[in-house]
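[1] Output the structure for:
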Amino acid sequence: MDYRRFGKTIYLRLDPGEEILEEVKKLAEKERIDLAQISGIGAVNDFTAGVYNTATKEYHSIRFQGAYEIVSLSGTVTKKDGEVYLHVHMSAGDEDGKVRGGHLNRAVISATGEIILQITEGKVEREFSEEIGLNLFRF
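    Predicted structure coming up:
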């Protein structure tokens, strides 16, 4: 991982073998980020994404392996119980042009990852909602 900060914007490069969520969390902790928007592109060869079933309040996750290009990586950095909390979604396309994705659980970079964090002044916490079954924004 290497990055440069320009005011409230961070450009992050991830290298082969690095896991996206781990590295973004390390960066957010190091830079003491309370609130930010995440976007990115790149290539991965192993990722797990899920879909939340609102009826059962459970995630269904699927692991994908092979050559994939990140079509979209987006999410937020917030806080939960004083700790960095990432909520990220990713879609990635394979060699046949099929796109897979959902809530990102894990993604390993195969070539490079180019991620931008746009930092916002302020802080948004997360709080678990029994009704929804998810950690929601708490303002």
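
[2] Do I have it right that Asn105 meets Val51?
    No. Taking CB atoms under 8 Å as the definition, Asn105 is not a contact partner of Val51, at 11.1 Å. For glycine as for every other residue, the C-beta is placed from the backbone atoms N, C-alpha and C.

[3] Quickly list what's touching both of those two.
    Taking CB atoms under 8 Å, 6 or more residues apart in numbering as the contact rule, the neighbours common to Asn105 and Val51 are Tyr59.

[4] okay, these two: which has more neighbours?
    Applying other CB atoms under 10 Å to Asn105 and Val51 shows that Asn105 carries more neighbours, namely 16 against 13.

[5] could you point out which element follows the helix or strand in which that one is found?
    Applying DSSP states H and E as the criterion places Asn105 in strand 99-119. If you walk from strand 99-119 toward the C-terminus, the next helix or strand you reach (DSSP H and E) is strand 125-129.

[6] tell me what that following strand is packed against?
    For strand 125-129, the contact count by 3 or more CB pairs under 8 Å, 6 or more residues apart in numbering; DSSP states H and E identifies strand 58-80, strand 134-138 as packing neighbours.

[7] who touches that strand?
    Here strand 125-129 makes contact (CB under 8 Å, 6+ apart) with 78-80, 85, 134-138.

[8] Out of these, which comes closest to Asp94?
    Distance to Asp94, by CB to CB, is smallest for Leu134 among these, at 28.8 Å.

[9] Give me the neighbour count for the closest one.
    Here the neighbour count serves as a burial measure; for Leu134 (other CB under 10 Å) it reads 15.
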